[in-house]
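Participant: Pasting a predicted model and its sequence here:
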Amino acid sequence: MANTLMHISQLHWIVVEDNNSKIKAVEKLLNRTGLPHTYICAKTIPGYPSRGWYQRSRALEYLRKNTDQITLNKSNSVVYFGDDDNSYDIRLFRDYIRRVRKVGIWAVALAGNTAIEMPDVHQGTVVGWKVLWNKKRKFATDMAGFAIALNIILKSTATFGTSCDQGLGAPETCFLEDLGLGITDLEPFGFDQDDKEVFVWHTKTVPVKYNKRIIDSGGFFIE
């Protein structure tokens, strides 16, 4: 992640450690990048899932309290939740996130026990979801699959709670609903070209098992 972000200008990286103290190796890495960053500790408290929910809430709290310091009073800032188990193409930030006006959304590879998850897009509008896992979610997207304009976050108190029944255990739906958003607010990226590409992947050191014969690639090249 650091290697990708080092190529992105006008970026502030908030890193939240699930621990009571900072890790020297992480501090060293962050300093080596030369990126403006904030490194804070927030060990998961009882009642929260141990999957980054509490840490994202603390990041939002810090962002709301220190907006001017982080954005340097620049308008049109965008918030994206990155994970340490994802891989990112620089074009995700340059071509997608930089252009988000409200809520940008895109395909994510190797998520939800399939080769690719994506919104179902018709004539530039999101009308549903092409996913295998929990299709009934209102926002059946992965955390890596969307970014939100900062001004929307600042106008709300939305955060990540201890559970999300609407998301059937996944936090994305509850968070986006708490922001007052609907499916018509979504801006799809990467669906307006013939040769579609994926710019973010869930990467693991174990093979991902899925049936290639039943995968709807939506026009994206997958292998």
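Facilitator: The structure has been received and is ready for your questions. Numbering: from 1, shown residues only.

Participant: quick one, what contacts the spatially most central residue of the chain?
Facilitator: What sits nearest the mean C-alpha location of the chain, by C-alpha atoms, centre = their mean, is Ala144, with 3.1 Å. By C-beta atoms under 8 Å, 6 or more residues apart in numbering, the residues touching Ala144 are Phe81, Gly82, Asp83, Asn86, Val108, Ala111, Val200, His202. Where C-beta positions appear, they are placed from N, C-alpha and C, glycine not excepted.

Participant: That one falls within a helix, correct?
Facilitator: Yes. Assessed by DSSP: H, G, I helix; E, B strand; the rest coil, Ala144 belongs to a helix.

Participant: Number of residues surrounding Thr141?
Facilitator: 27 (other C-beta atoms under 10 Å).

Participant: In terms of pLDDT, where does the nearest residue to it once chain neighbours are set aside sit?
Facilitator: Nearest non-adjacent residue to Thr141, counting by C-beta to C-beta, 6 or more residues apart in numbering: Glu172, 5.6 Å away. Looking at Glu172, its pLDDT reads 90.

Participant: Where does pLDDT dip in this structure?
Facilitator: Applying pLDDT under 70 to the chain picks out residues 166-169, 205-210, 212-214, 221-223.

Participant: Tell me the buried residues in the lengthiest helix in the chain?
Facilitator: Using DSSP state H, we find that the single longest helix of the chain is helix 53-65. Burial within helix 53-65, assessed by neighbour count using 16 or more other C-beta atoms under 10 Å, is assigned to Trp53, Tyr54, Gln55, Arg56, Ser57, Arg58, Ala59, Leu60, Tyr62, Leu63.

Participant: Tell me the spacing between the residue nearest to the second one when sequence neighbours are not counted and Cys174.
Facilitator: To tie it back to what came earlier, the one meant is Tyr54. Spatial nearest neighbour of Tyr54, chain neighbours left out: Tyr48 (4.2 Å); criterion: C-beta to C-beta, 6+ apart. Noted for Tyr48: a distance of 13 Å to Cys174, by C-beta to C-beta, to the nearest Å.

Participant: what does Asn20 give?
Facilitator: 27 Å.

Participant: that older thread, now for the longest helix of the chain, which elements pack on it?
Facilitator: strand 13-17, strand 37-41, helix 150-154 (3 or more C-beta pairs under 8 Å, 6 or more residues apart in numbering; DSSP states H and E).

Participant: Does Gly52 touch Ala42 like I think?
Facilitator: No. With contact defined as C-beta atoms under 8 Å, Gly52 does not reach Ala42; the gap is 10.1 Å.

Participant: For stretch 114-131, measure first residue to last.
Facilitator: 8 Å (C-alpha to C-alpha, to the nearest Å).

Participant: Also stretch 96-112?
Facilitator: Using C-alpha to C-alpha, the two ends of stretch 96-112 sit 22 Å apart.

Participant: same question, stretch 99-113
Facilitator: 29 Å.

Participant: Buried residues in that stretch, which are they?
Facilitator: Buried residues in stretch 99-113 (16+ other C-beta under 10 Å): Val100, Val103, Gly104, Ile105, Trp106, Ala107, Val108, Ala109, Leu110, Ala111, Gly112.
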